[in-house]
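# I would like the atomic coordinates for the input below:
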Amino acid sequence: MPTPFRYVVPVTREAASGPVAEVYGQMARDFGLARMPLFMTLSPAPDVLVAAWAALRESLLAGTASRTGKEVVATGVSLANRCPFCVDAHTVLLHATGDHGLAETIARGETPGSPEHARLLAWAQATSGAVAGPAAPAPFPPGGAAEYVGTALAFHFVNRMVSALLTDDFLPGGLQRSRLVRRVGGRAMSRAVRRGAVAGDALPLLEGLPTGPEPGWAEGTPIGRAFAALRGVALSDEVPLGEEAMWHVAGEVARWDGGHPPLGRPAAPPDALPPADRPAARLALLAALAPYRITDADVAAWRDAARGDDADLVRLLAFGAVTAVDRIEAALAPTVPA
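Numbers count the residues shown, from 1 in each chain. So this is what the prediction gives:
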C-alpha cells in the first residue's frame, strides 16, 4: 500500500519507545490521531521530533486563544508556503472546530466572511513577506500574541519538513480533497479539538535538549521554552553540515525576499565548499527557501557524498527550516503587541 513517506523510514507506533513513544501518546490524546505522518517522519531524529511537537502543541493545541483562529493562521501559512498536505489537513481541522462554512470558504480560495478571520488569514499569508518589510500590524490583542505568532512560526517549520519528507496526500488517492471526506474527518476529530490541551504538558519531554533564550513574543508561556528547544536542536552540533556550509546557507537566507525563488534558484553551493558539503548545503538551502523542489536526485546525491542516515537527513532539513523561521521571526517581532 502506498504511504505518504519520502526518504525516511519512520518509527512505527508499535516499535516506538522512550521520547518517541511519549510524543506518539500525546499526539493520540491531544490531536485525536494515533498516527500523524508529519511527526512520524521526524521520528528517526527523536530530538527534532520532540522539539517540533512541543512547538506545535503548545502554540496550536494549548492556551486560551481561539482554536478556530489559530487553525486559520495554520492554513494561511500553509497556503503561502505551497504545502497542500498541510492545507488539506488544516481544512479538516477547521471542520473539526465546527465552522464548516469557514473551512470550505478557505478551501475554495475565498475570503472569510468574518472580518476577524479575514484579517488573520491575510496576516498569516503575508508572514514570509515580512522579511522584505514592512510587516503588517498583528491582527490580535497582546494576550493572543504568543499563541498566534507561535502557530505561524510553527507552521513555517512544519510546512518545510512536510514538503521535503511527505507526499502531497495524507489519504490514498487524494481523498482528503473531497468535501464530504473533509467534513467526516473533522467530525471524527472534533472531540479532541474542542477539549483542548493543557498548556505545558510537552515541556518535560524537552529535558536535556539544547536550548537558548526564549523569544520575547512568547511572553513567558510554555511556547517560548518549546521554540528555544526547537532552535537549539536545529542548530546543534548534531547537524551534519560543516561550519562553512552553514554560513553559506545562512547568508543565502539573509538575502531572501520572502517569496518563492525563480526556477533554478536557490543557487548551487559555491565550488569553494568541500565537495562532501555541497549536496548537504543544497538540501538545507532548499529546505529553507523551496522545500517542495527537493528531488530524489538531491537526496541521492547527499547520501552518496555524506553516507548519512535518516536521522542525519531530518536534522539537516530541520537546520534549513529553522534558518528560514529565524528570519521570519525577526521580521515579525517588531509588529507583535507588547
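
# lowest average confidence, helix or strand, in the protein?
Lowest by mean pLDDT, DSSP states H and E among the helices and strands of the chain is helix 179-195, with a mean of 71.

# That one: what's the following helix or strand?
On the C-terminal side of helix 179-195, the closest following helix or strand by DSSP states H and E is helix 222-234.

# what's the pLDDT at the closest residue to residue 87 other than its chain neighbours?
Excluding the flanking residues, the one nearest residue 87 by Cβ to Cβ, 6 or more residues apart in numbering is residue 78, at 4.6 Å. Any C-beta I mention is one placed from the backbone N, CA and C, and that applies to glycine too. Residue 78 carries a pLDDT score of 96 in this model.

# just checking, residue 78 touches residue 91?
No: with contact defined as Cβ atoms under 8 Å, residue 78 does not count as touching residue 91 (9.4 Å).

# got the phi/psi numbers for residue 255?
The main-chain torsion angles of residue 255 are listed as degrees, to the nearest 10 and equal phi -90, psi 0.

# now residue 62
Phi and psi for residue 62, reported as degrees, to the nearest 10, are phi -100, psi 180.

# what residues are up against it?
With contacts defined as Cβ atoms under 8 Å, 6 or more residues apart in numbering, the neighbours of residue 62 are 196-201, 222.

# correct me, but residue 218 touches residue 150?
Yes: under the criterion of Cβ under 8 Å, residue 218 makes contact with residue 150 at 6.6 Å.

# Please identify which of those two sits among more neighbours.
Using other Cβ atoms under 10 Å as the criterion, residue 218 and residue 150 rank with residue 150 on top: 30 against 23.

# neighbours of the residue nearest to that one when sequence neighbours are not counted, just the number please.
If you skip the residues right next to it in sequence, residue 150 has residue 59 as its closest partner in space, 3.2 Å away by Cβ to Cβ, 6+ apart. When neighbours are counted by other Cβ under 10 Å, residue 59 registers 29.

# and residue 59, what does it touch?
Neighbour list for residue 59: 70, 146-147, 150-151, 153-154, 223, 226 [criterion: Cβ under 8 Å, 6+ apart].

# now do 10 Å
The contact partners of residue 59, taken as Cβ atoms under 10 Å, 6 or more residues apart in numbering, are 65, 70, 73-74, 146-155, 218, 221-223, 226-227.
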